[in-house]
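Novice: no sequence for this one, just the structure:
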């Protein structure tokens, strides 16, 4: 799946070490669709992990095209969705 739009929020970078000892990094961005054919544009929070985080900082107002996948998981009887980026193109 993909979305094109402008970044509305850039959350702080999170990082840590997994139980297996691997280091990880995560950054969440919020993108507002800007397709003129959509009457009510969507806003989506998307997670970037490790090597998917661009070396150049992302900025509010920056236009991006994001390719992502949605994963659903069950934890303690509740269902959660994860929206993970697998490619991001800036300044589109």
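Specialist: Great, that's in hand. This structure is a prediction, so every number in the text was calculated from the model and none was measured.
Novice: going forward, measure contacts and count neighbours with C-alpha atoms only.
Specialist: Fine.
Novice: now do the most far-flung residue of the chain relative to its centre, the pLDDT please.
Specialist: Within the chain, the residue lying farthest from the chain centre (C-alpha atoms, centre = their mean) is residue 77, at 25.2 Å. Taken from the predicted model, the pLDDT recorded for residue 77 is 96.
Novice: next one: residue 52
Specialist: 95.
Novice: please apply the same query to the one 4 residues further on.
Specialist: At residue 56, the model reports a pLDDT of 91.
Novice: kindly report the same for residue 84.
Specialist: Predicted confidence (pLDDT) for residue 84: 96.
Novice: that one is in what secondary structure piece?
Specialist: When secondary structure is defined using DSSP states H and E, the element that contains residue 84 is strand 78-90.
Novice: what's that strand packed up against?
Specialist: When contacts are defined as 3 or more C-alpha pairs under 8 Å, 6 or more residues apart in numbering; DSSP states H and E, strand 78-90 packs onto strand 43-49, strand 63-75.
Novice: repeat that with 10 Å
Specialist: Contacting strand 78-90 under the criterion 3 or more C-alpha pairs under 10 Å, 6 or more residues apart in numbering; DSSP states H and E are the following elements: strand 2-10, strand 23-33, strand 43-49, strand 63-75.
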